[in-house]
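Student: Build me a model:
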Amino acid sequence: MGRPSLTPSDRARGLLLGLAVGHALGLSVGQRRRPRAPERADSLRDVIRADSEASPWGDEVALATALVEELLEPEVDLRRLADRWIGWWRRDGRGLDPATADALEHIALHDAPVMTAPLHDTAPLARGLPLAIPAARQPRNLVSGTYHTVLLTHPAPRAAWAAVALNVAAAAWVRDRRDFLPDILEVLVANDAPPDLLGRLRRIPFIGRGEVGKGDPGAVARSELVLWTAYHEPSLERGMVWVANHHAADPTTAAAAGGLLGCRDGDQAIPARWIEALPDPGYLRGLAKRLSAPRESPD
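Tutor: Reported below is the predicted structural model:
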């Protein structure tokens, strides 16, 4: 799993481009109600191009890139990040899930995040993934930043810790650590994360495809699905197609899988046809370059 020769820039490009491609692939399955996503790269190119033209970035990609822009500031401010998200939602907002839209409306009106968890255990696993690049060697910042980024719109600890688990995996690869599960379990145990999440992730090495993501398709099941794929599936392409077609997946889950597998394998592992089908891959590459650039350590 992973290639030690990859640079942080390779992984950052893989994360952002994979997130965008995964989201488009998830949309192709969900919105068009296809029974299965095409499994050949040339077929996927047409699917991704059509969905990207309908919604140039999609909600998860737009929110993730807004987070990158905030991370490039001298100091990260969660309220300013919320303003970036609110600005995109008011300008465009295509595809934004109701829970996030309601939460952003609450922040805009009350200058504070909503405190009540959504009725449905949604899984905003993708939008916080870019944090793993600059905070890979700052574990406290990685955990706290991911957790509170999710809480901006989804005040549900299960969803927040599920997102933390994905970001710890991505950060492990940035540090060239091949086995990410011990890092995840250490963080979750130390922070008294929900027992059902711990139980799901502990079983990842021991279960097969047929056992993954069963039960309530919320944040915990979807994080298991994404992390199981990253742990067991050596092919980025096969992994992304499988997650997009999984009964527990949605475009957000497919975006998270694409971002995580892209971070693991780098952008060169993503089929060129998939990347070319995106509306502006150069913009994502430019953000990745800036995100992965060395910075001075905080005082």
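Student: Ala103 and Trp161, how far apart?
Tutor: Separation of Ala103 from Trp161 (CB to CB, to the nearest Å) stands at 18 Å. From N, CA and C alone the C-beta is placed, and that goes for glycine too.
Student: Ok, Leu227 next?
Tutor: Distance from Leu227 to Trp161, counting by CB to CB: 13 Å.
Student: same question, Met240
Tutor: Taken as CB to CB, the span from Met240 to Trp161 is 24 Å.
Student: between these two, who's got more neighbours?
Tutor: Taking other CB atoms under 10 Å, Met240 and Trp161 do not tie; Met240 has more neighbours (29 against 26).
Student: give me the element the more buried one is part of.
Tutor: Using DSSP states H and E, Met240 sits within helix 236-245.
Student: Need the residues that contact that helix.
Tutor: 18, 21-22, 25-26, 28-29, 36-39, 41, 44, 209, 225-226, 229-230, 233, 249, 253-254, 257-258, 261-262, 264-265, 269-271 (CB atoms under 8 Å, 6 or more residues apart in numbering).
Student: Name the residues of it that come out as buried.
Tutor: Leu236, Glu237, Gly239, Met240, Val241, Trp242, Val243, Ala244, Asn245 (16 or more other CB atoms under 10 Å).
Student: go on, stretch 270-281?
Tutor: Neighbour counts over stretch 270-281 (16+ other CB under 10 Å) mark Ile270, Pro271, Arg273, Trp274, Ile275, Ala277, Leu278, Pro279, Pro281 as buried.
Student: Could you list the low-pLDDT ranges of the stretch 101-250 of the chain?
Tutor: Residues of the stretch 101-250 of the chain that meet the criterion pLDDT under 70 lie in 117-122.
Student: quick revisit: out of the contacts of helix 236-245, which are buried?
Tutor: Using 16+ other CB under 10 Å as the burial test, the contacts of helix 236-245 include 18, 21-22, 25-26, 28-29, 37-38, 41, 44, 225-226, 229-230, 233, 249, 253-254, 257-258, 261-262, 264-265, 269-271 as buried.
Student: what's near enough to touch the closest residue to Pro251 other than its chain neighbours?
Tutor: Spatially, and ignoring its direct neighbours in sequence, Pro251 is nearest to Gly26 (3.3 Å; CB to CB, 6 or more residues apart in numbering). By CB under 8 Å, 6+ apart, the contact list for Gly26 reads Ala244, Ala249, Asp250, Pro251, Thr252, Thr253, Ala254, Ala255.
Student: Let me know the pLDDT of Gly26.
Tutor: At Gly26, the model reports a pLDDT of 91.
Student: The helix or strand containing it versus helix 236-245: what angle between them?
Tutor: Element membership for Gly26 (DSSP H and E) is helix 8-30. Inter-element angle recorded for helix 8-30 and helix 236-245: 40 degrees (by axes from the mean of the first three to the mean of the last three CA atoms, to 10 degrees).
Student: With just CA atoms, put helix 8-30 into PDB.
Tutor: What follows is helix 8-30, C-alpha atoms only, in PDB (Å, rounded to 0.1, in the frame of the first residue of the first chain):
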ATOM      1  CA  PRO A   8       4.100  15.400  -0.700                       C
ATOM      2  CA  SER A   9       3.300  17.200  -3.900                       C
ATOM      3  CA  ASP A  10       2.500  13.900  -5.700                       C
ATOM      4  CA  ARG A  11       0.200  13.000  -2.800                       C
ATOM      5  CA  ALA A  12      -1.500  16.400  -2.700                       C
ATOM      6  CA  ARG A  13      -2.200  16.300  -6.400                       C
ATOM      7  CA  GLY A  14      -3.500  12.800  -6.000                       C
ATOM      8  CA  LEU A  15      -5.800  13.800  -3.100                       C
ATOM      9  CA  LEU A  16      -7.400  16.800  -4.800                       C
ATOM     10  CA  LEU A  17      -7.700  15.200  -8.300                       C
ATOM     11  CA  GLY A  18      -8.900  11.900  -6.900                       C
ATOM     12  CA  LEU A  19     -11.500  13.700  -4.700                       C
ATOM     13  CA  ALA A  20     -12.900  15.500  -7.800                       C
ATOM     14  CA  VAL A  21     -12.900  12.400 -10.000                       C
ATOM     15  CA  GLY A  22     -14.400  10.300  -7.200                       C
ATOM     16  CA  HIS A  23     -17.200  12.800  -6.700                       C
ATOM     17  CA  ALA A  24     -18.100  12.900 -10.300                       C
ATOM     18  CA  LEU A  25     -18.100   9.100 -10.500                       C
ATOM     19  CA  GLY A  26     -20.400   9.000  -7.500                       C
ATOM     20  CA  LEU A  27     -22.700  11.400  -9.100                       C
ATOM     21  CA  SER A  28     -22.800   9.300 -12.300                       C
ATOM     22  CA  VAL A  29     -24.100   6.400 -10.200                       C
ATOM     23  CA  GLY A  30     -26.400   8.300  -8.000                       C
END
